[in-house]
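S.K.: The sequence and its predicted three-dimensional model are supplied below.
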Amino acid sequence: MDEFSFARQPILDSSLCLYAYEFLYRPTGNALNKSHSITSEVLASSIIDLGLDKASNGNLAFINMSYDDVMSEHIDALPADKLILELLEDIKPNNDLILRVKNLYEKGFRFALDDFVYSPSWDPLIELADIIKFDLTVTSFEENKALIDTLKMKDIVFLAEKVETHTDYQAYKGIGCTLFQGYFFSKPELIKGTSLSANQLSKTKLLSLINQPELSITELETTIEQDPNLTYLLLKYLNSAQFSFSNPIESIKHAIVILGLENIKKWSTLVTLRSLSSKPTELLRLALVRAHLAELIAIENKHINSNSFFLSGLLSVLDALLDTPLKTIIKSMPLDPEISRGLLTHEGEIGQTLSLITQYENSQYTDNPTISKHYLAACQWADKVMNSL
């Protein structure tokens, strides 16, 4: 049987809370020449073998469906309550397809119309759809607004896809879209530089930890590295004028050792005074996935500095968290030059690893089986961390 790997992209509601994931499949090996998104046989086996249900972390999963996928009898065996079946834009509606979708609809399956461009042939499927997705690069704002106005009396949820700026998000929210998908939360419109704060529960956990009679450096390292906000704040604090050291930071443990326990306690008190970040929690989850995935890749490739790979992945979303160019942020942190170079120019082994990871996330094919092998583990680890915060 062909083997498939996947990536996942968050779908957020109007409050920027997680609504679902869309699972984007990454073909490997002899599956590279398949013409459609994923066969129903592979989808069914993926839920069992790859742990697709676990990878969704208990959330809904959007799955792309070609014409052949929808018509396959294997679809009936899938968990209808956990999936949204996306009918791809290149499907040509006919009577057989309409009858099949109606049959699945009556069995409890829900449907989304992907990258929707209206034509009368889609009318019967509009009646059966729960969600209509607009690809902002395919249809104009005016076209999408007109369709929303036409269909506003129907019980349909509208999703704006490939939203890349805060302006896009606000505009489509204003015309009735309540779900959003794209890179606007990881590459937001630059509005102004802001101060970054750590998750309140992370801060509480940290404060509790440092007041224990016997402070464990390992546990302290684990607590800090699981929150990219805390990581950034620690490095920035360490780079302040009151500290003087010659060696660049290579890992979180290295930073803790240099700072010392007394200064760590002072820093933790300062952190608790900061306000919560307003950024979507999915951005933090993305940082954790990148960090652990980079670390696993480094370990498999026998790099001795896997902690540096982890730190680089964690810091790779700071421009989005701070609404500030990454180059400006990096200047405020005493990082190892290899980490800085990897983050800013994607040079060196760290930079190449980060580049491969982001290509994988962005639906660009990357012929690297190591990423496919470890991606699910990284997602599940990140989910576990986020659930504990």
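M.R.: Received it, and whenever you're ready, just let me know what you need. Numbers count the residues shown, from 1 in each chain.
S.K.: can you give me the strands for the chain?
M.R.: For the chain, the strands defined by DSSP state E occupy 4-13, 18-27, 60-65, 83-87, 110-113, 131-135, 157-161, 179-181.
S.K.: can you list those in JSON lines and add mean neighbour count and distance to residue 331?
M.R.: From N, CA and C alone the C-beta is placed, and that goes for glycine too. Formatted as JSON lines, the entries for the strands of the chain read as follows, by neighbours: other C-beta atoms under 10 Å; distance: least, C-beta to C-beta, whole Å:
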{"stretch": "strand 4-13", "mean neighbour count": "21", "distance to residue 331": "30"}
{"stretch": "strand 18-27", "mean neighbour count": "21", "distance to residue 331": "33"}
{"stretch": "strand 60-65", "mean neighbour count": "23", "distance to residue 331": "39"}
{"stretch": "strand 83-87", "mean neighbour count": "24", "distance to residue 331": "43"}
{"stretch": "strand 110-113", "mean neighbour count": "22", "distance to residue 331": "43"}
{"stretch": "strand 131-135", "mean neighbour count": "24", "distance to residue 331": "37"}
{"stretch": "strand 157-161", "mean neighbour count": "23", "distance to residue 331": "35"}
{"stretch": "strand 179-181", "mean neighbour count": "23", "distance to residue 331": "32"}
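S.K.: among the ones you listed, which is nearest residue 231?
M.R.: Between residue 231 and the strands of the chain, the shortest separation by C-beta to C-beta is 21.2 Å, and it involves strand 4-13.
S.K.: picking up where we left off before, which of the strands of the chain sits closest to residue 281?
M.R.: Each of those was scored for nearness to residue 281 using C-beta to C-beta, and the closest is strand 18-27 (7.0 Å).
S.K.: Show the average pLDDT along the closest one.
M.R.: Looking at strand 18-27 alone, the average pLDDT works out to 78.
S.K.: now stretch 140-159
M.R.: 93.
S.K.: Can you list the buried residues in it?
M.R.: 144-145, 147-148, 151, 156-159 (16 or more other C-beta atoms under 10 Å).
S.K.: related to what we said a few turns ago, tell me which of the strands of the chain sits nearest to residue 219.
M.R.: Each of these was checked against residue 219 via C-beta to C-beta, and the shortest separation belongs to strand 18-27, namely 28.0 Å.
S.K.: ok, that closest one: who's next to it in the sheet?
M.R.: Paired with strand 18-27 in the same sheet, following DSSP bridges, are strand 4-13 (antiparallel), strand 60-65 (parallel).
S.K.: mean confidence score for the shortest one?
M.R.: Mean pLDDT, computed over strand 60-65, is 88.
S.K.: Same question for stretch 79-99.
M.R.: Rounded to a whole number, the mean pLDDT of stretch 79-99 is 91.
S.K.: what sits up against it?
M.R.: Among residues not part of stretch 79-99, those counted as contacts by C-beta atoms under 8 Å, 6 or more residues apart in numbering are 20, 22, 37, 47, 53, 56, 60-67, 70-71, 75, 101, 104, 107-117, 121-122, 124-125, 129-131, 133, 135, 138.
S.K.: same question, stretch 349-360
M.R.: Residues lying outside stretch 349-360 but in contact with it, judged by C-beta under 8 Å, 6+ apart, are 7, 26, 290, 293-294, 297-298, 301, 303, 308-309, 312-313, 316, 338-339, 341-343, 345-346, 365-366, 368, 371, 375.
S.K.: The closest residue to residue 137 other than its chain neighbours and residue 72: what is the separation?
M.R.: Nearest in space to residue 137, with sequence neighbours left out and distances taken as C-beta to C-beta, 6 or more residues apart in numbering, is residue 162 at 5.4 Å. Note on residue 162: its distance to residue 72, by C-beta to C-beta, to the nearest Å, is 28 Å.
S.K.: again, but for residue 141
M.R.: Per C-beta to C-beta, residue 141 is found 36 Å from residue 72.
S.K.: Equivalent analysis for residue 19, please.
M.R.: For residue 19, the distance to residue 72 equals 27 Å [C-beta to C-beta].
S.K.: before we move on, what about residue 351?
M.R.: Relative to residue 72, residue 351 is positioned 42 Å away (criterion: C-beta to C-beta).
S.K.: Same question for residue 260.
M.R.: Distance from residue 260 to residue 72, by C-beta to C-beta: 62 Å.
S.K.: Over to residue 168?
M.R.: 35 Å.
S.K.: Once you drop chain neighbours, what's closest to residue 93?
M.R.: With C-beta to C-beta, 6+ apart as the measure, residue 121 is the residue that lies nearest to residue 93, at 4.8 Å, once sequence neighbours are left out.
S.K.: Now do the same for that neighbour: its pLDDT.
M.R.: 91.
S.K.: Give me the neighbour count for residue 176.
M.R.: For residue 176, the number of neighbouring residues by other C-beta atoms under 10 Å comes to 16.
S.K.: OK, contacts around it?
M.R.: With contact taken as C-beta under 8 Å, 6+ apart, residue 176 is in contact with 148, 152, 158.
S.K.: Can I get those residues in JSON lines including distance to residue 181?
M.R.: JSON lines is the format used below for the contacts of residue 176 (distance: C-beta to C-beta, whole Å):
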{"residue": "148", "distance to residue 181": "16"}
{"residue": "152", "distance to residue 181": "21"}
{"residue": "158", "distance to residue 181": "12"}
